[in-house]
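Visitor: Fold the following, please.
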Amino acid sequence: MKSSDAASRNGSTNASSQRPKPPESDVPDVLAPGLRVVLVGINPGRVSAAANAHFANPRNDFWRLLHAARLTSRLYEPSEQFEVLKEGIGITNAAYRTTPGSGDLRRGDFDGARLERIAHELQPAWLAFVGKEAYRGAFGERPELGVQERRLGETQLFVLPSTSPANAAVPWRVRLHWFQELAGRASGLPIRDAVRAVVLEPDGRTLLLRYGDGYDTWWITPGGGVEAGESDEAALRRELREELGLEELELGPLLWDRTRHFLGEPGFGGQTNRSYLVRVPWFEAKVVSEARDARWFTLEEAAAVATSPHDLVELLRTASGS
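Guide: Okay, here's the model as predicted:
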């Protein structure tokens, strides 16, 4: 071998050995090509690092929110993290270094270029950041919750509230709203056309129905889907008759028109609700449908319970001018 060849090879070896090693994580990436959603946490905490699993702190609501929003078909344990690949879900972190808290991270811990590679090489439909700080660390921008204008190739970006116990001041219903929004959008399913009734009795109280699941109960205005060829008024009268046995009513104006993305009715990824004012004489509120309960609320009383949407009371205040 020529000395120049040896020097060249030694030089290449030395240069290679001097390159920084890619960071290693105490928690493995859960990734595969063509996923519906890759969820991006901020970094491993000590509990997750010890468990070698994402979001392993039992006080973290991440896995419960995935199931409650119907992003997964059942509730998974952190130790089953690779099973969610079968549901089109992946998980990674914006920073690999384990710290006691996310506040201990430095700017250099984040690697936005790695997330760009994930988007371009694995082509998930969505990258969803679990917490604003995960997104901010990766891209140096302070985001709002929800869909982002920035894209990585064909991959859309979404920001969710943090599921950390440190974010406990954000109510479950608010966090669930954003997980449901992601689930509906990521489903690719069509939006359902629906009407709802803001039912008021002469003293100004609003009638709400109570529904629930294994995680929570909530109150909502009565209403439902508009059938083919049906007018909004006909649909409202049918729904109020089916849900409350209500026949005598005065249909008022359209109060708001709002689209929500979520996985509720089979075959739909969301619903456009046109909410109308409906005035009725007082009657004893009771349900004749699958709702668990019906009750009259003042705005102050409604503000003290969980509602769907989570900002229903603000919508009602605006509509009433209160």
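Visitor: Shouldn't residue 92 be within a helix?
Guide: No - counting by DSSP: H, G, I helix; E, B strand; the rest coil, one finds residue 92 to be strand, located in no helix.
Visitor: let's have the chain start at 20 instead
Guide: Happy to do that; since the first residue is 20 now, the last one works out to residue 111.
Visitor: Quick check: beta-bridge partners of it?
Guide: residue 59 (DSSP bridges).
Visitor: Report the separation between it and residue 244.
Guide: Taking C-beta to C-beta, to the nearest Å as the measure, residue 111 falls 38 Å from residue 244. (Each C-beta comes from the backbone N, C-alpha and C, glycine too.)
Visitor: Worst mean pLDDT across the helices and strands of the chain, which element?
Guide: Counting by mean pLDDT, DSSP states H and E, the chain has its least confident helix or strand at helix 22-37, which shows a mean of 40.
Visitor: Which parts of this structure are helices?
Guide: Using DSSP state H, the helices assigned to the chain run over residues 22-37, 65-70, 81-87, 131-141, 151-158, 191-206, 251-263, 318-321, 331-339.
Visitor: who's in contact with stretch 206-213?
Guide: 144, 242-245, 254, 278, 280, 282, 284, 286-293 (C-beta atoms under 8 Å, 6 or more residues apart in numbering).
Visitor: same thing but at 6 Å, please
Guide: By C-beta atoms under 6 Å, 6 or more residues apart in numbering, the residues outside stretch 206-213 that reach it are 244, 245, 284, 287, 288, 289, 290, 291, 292.
Visitor: Now that stretch: buried residues?
Guide: By 16 or more other C-beta atoms under 10 Å, the buried positions in stretch 206-213 come out as 206, 208, 211, 212, 213.
Visitor: Show the pLDDT at the closest residue to the third one other than its chain neighbours.
Guide: Same thing as residue 211. With C-beta to C-beta, 6 or more residues apart in numbering as the criterion, residue 211 has its nearest non-adjacent residue at 4.1 Å, and that residue is residue 287. pLDDT, residue 287: 97.
Visitor: how about residue 284, what does it touch?
Guide: Contacts of residue 284 (C-beta under 6 Å, 6+ apart): residue 211.
Visitor: can we see that at 7 Å?
Guide: When contacts are counted by C-beta atoms under 7 Å, 6 or more residues apart in numbering, residue 284 touches 211, 244.
Visitor: And the one 10 residues further on, by the same measure?
Guide: Counting by C-beta under 7 Å, 6+ apart, residue 294 makes contact with 215, 217, 240, 274, 275.
Visitor: Equivalent analysis for residue 89, please.
Guide: So residue 89 contacts 202, 282 (C-beta under 7 Å, 6+ apart).
Visitor: Check what pLDDT it gets.
Guide: Note on residue 89: pLDDT of 97.
Visitor: measure it to residue 272 for me?
Guide: To residue 272, residue 89 is 34 Å away according to C-beta to C-beta.
Visitor: Residue 280 contacts residue 204, correct?
Guide: Yes - in this structure, residue 280 is within contact of residue 204 by C-beta atoms under 7 Å, at 4.9 Å.
Visitor: Fine, thanks again, bye for now.
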